[in-house]
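# output the structure for:
(chains A and B)
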Amino acid sequence: MSRVRPWSVMTGVDRDTELALVGRLREGDADAFDAVHAAFNTRLFTFLLRLSRRRDVAEDLLEETWLRLVTHAQRLRPDTRLGPWLFTVARNLHISFQRSRLLENSMAGSLMTLWPFSAEHASPFESVAASELEARIEVALAAMPASAREVLLLVGVTGLDHSDAADVCGITPEALRQRLHRAREALSQALERSGAADCRTLRGLTCPTR
Amino acid sequence: MSDTLMQSLAELATVEPDAARAERVRRRCRARLARQAPRLSSSGSWLARVWQPMIAILGVAYLIGAIVEATRIYGLL
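Numbering: from 1, shown residues only, chains lettered A, B, ... in the order given. Just a heads-up that it's a prediction; the model follows:
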């Protein structure tokens, strides 16, 4: 499967620039932080917002992600890939948040419901969807199990390649491909169930060869 | 063919975080990064300035002490 847009195009950060930014971050260069912030802030926020479905939570987790970066800046490896690093931190923070929320709600006995957790909040994106199809995709994404949603967000929306997305999720690239395949099928079936005419067309197009 | 769904995903809307808060976070992170950098570099140079000569002095003192003790034992002093 080819990606729709290369990661470097989506972020405006090619590998050489990224390596230079990592080097400057390690030296405590605040201007390098500004460049990284400008490249990733909106994408990280969008990722966290689609994961959490709550703007206040996404804002908090985004702030914590950036604080983690500056706290660990001097310990970054020189070859660190900033995108996967940042999305890994953001994802882990979201998982920690979900766990703490479950515990706070005296639901410790049902930790397994993390995957999937219930869609108690409508996706904030539904109101800004530009088309009916986009709105249906947002609804379908919000209703998906978190493990399926996150791979679709990382690969489909954010544009990470399979290897980087696998690193973010802490699984092998092969496991990610399988999870992505199932997630795409689940999404296309959800779209079909939702009754979008053009999604019936999509249904026949969304079964990738393994 | 399978890119159609991924294309749709890639074209989903992005939402900007609150601009004022994003700016506050950016400034806070810049300040923290700037605070860390000089502290680490100055602490590194301080260590180099103090510990290396101190280790050298202790080593020389130990060597002199050992020589004095040896000459005393063998009755040379």
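
# for A:G109, give me the pLDDT.
pLDDT, A:G109: 54.

# what mean pLDDT does the strand or helix carrying A:G83 have?
Secondary structure from DSSP states H and E places A:G83 in helix A:82-104. For helix A:82-104, mean pLDDT is 91.

# helix or strand next in line after that helix, which one?
Counting by DSSP H and E, the element after helix A:82-104 in chain order, helix or strand, is helix A:132-143.

# which positions within whichever helix or strand comes after that following helix qualify as buried?
Using DSSP H and E, the helix or strand that follows helix A:132-143 in sequence is helix A:146-151. Buried residues in helix A:146-151, counting neighbours by 16 or more other CB atoms under 10 Å in any protein chain shown, are found at A:A146, A:A148, A:R149, A:E150, A:V151. All C-beta spots, glycine's among them, are computed from the backbone N, C-alpha and C.

# I'd like to know which elements helix A:146-151 is packed against.
Judged by 3 or more CB pairs under 8 Å, 6 or more residues apart in numbering or on different chains; DSSP states H and E, helix A:146-151 is in contact with helix A:30-52, helix A:162-169, helix A:173-194.

# determine the set of other helices and strands touching the lengthiest helix in chain B.
Longest helix of chain B, by residue count under DSSP state H: helix B:19-73. Applying 3+ CB pairs under 8 Å, 6+ apart, one finds that helix B:19-73 makes contact with helix A:30-52, helix A:55-72.

# returning to that earlier point: wait, which of the helices and strands packed on helix A:146-151 is closest to chain B?
Among these, helix A:30-52 comes nearest to chain B, with 4.1 Å by CB to the nearest CB.

# how about low-confidence regions in chain A?
Low-confidence segments of chain A, defined by pLDDT under 70: A:1-12, A:105-130, A:195-210.

# and stretch B:12-21, C-alpha only, in CSV?
Taking C-alpha atoms only, stretch B:12-21 is exported to CSV below (Å, rounded to 0.1, in the frame of the first residue of the first chain):
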residue,chain,number,x,y,z
LEU,B,12,-10.1,14.5,7.0
ALA,B,13,-10.2,17.9,8.6
THR,B,14,-7.5,19.0,11.1
VAL,B,15,-8.4,21.1,14.1
GLU,B,16,-6.1,23.7,15.6
PRO,B,17,-5.5,23.7,19.3
ASP,B,18,-6.4,26.8,21.3
ALA,B,19,-4.0,29.4,20.0
ALA,B,20,-3.5,31.2,23.3
ARG,B,21,-2.8,28.0,25.2
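
# list the buried residues for it?
B:L12, B:V15, B:P17.

# is the first one in contact with A:V139, as I believe?
No - because the distance of 11.9 Å does not satisfy CB atoms under 8 Å, B:L12 is recorded as not touching A:V139.

# what is the burial count for B:G59?
When neighbours are defined as other CB atoms under 10 Å in any protein chain shown, B:G59 has 10 of them.

# gap between it and B:R72?
Per CB to CB, to the nearest Å, B:G59 is found 21 Å from B:R72.

# again, but for A:C169
Distance, A:C169 to B:R72, using CB to CB: 71 Å.

# who's more crowded, these two?
The neighbour comparison of A:C169 against B:R72 (other CB under 10 Å) goes to A:C169, with 19 against 10.

# OK, contacts around that one?
Taking CB atoms under 8 Å, 6 or more residues apart in numbering or on different chains as the criterion, A:C169 is in contact with A:R91, A:E150, A:V151, A:L154, A:L176, A:R179.

# contacting residues for the fourth one?
Contact partners of A:L154, counting by CB under 8 Å, 6+ apart, are A:F47, A:F87, A:L160, A:D164, A:A165, A:V168, A:C169.

# distance to B:G65 for the helices and strands packed on helix A:146-151 - can I get that in a markdown table?
A markdown table is the format used below for these (distance: least, CB to CB, whole Å):
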| stretch | distance to B:G65 |
| --- | --- |
| helix A:30-52 | 50 |
| helix A:162-169 | 56 |
| helix A:173-194 | 62 |
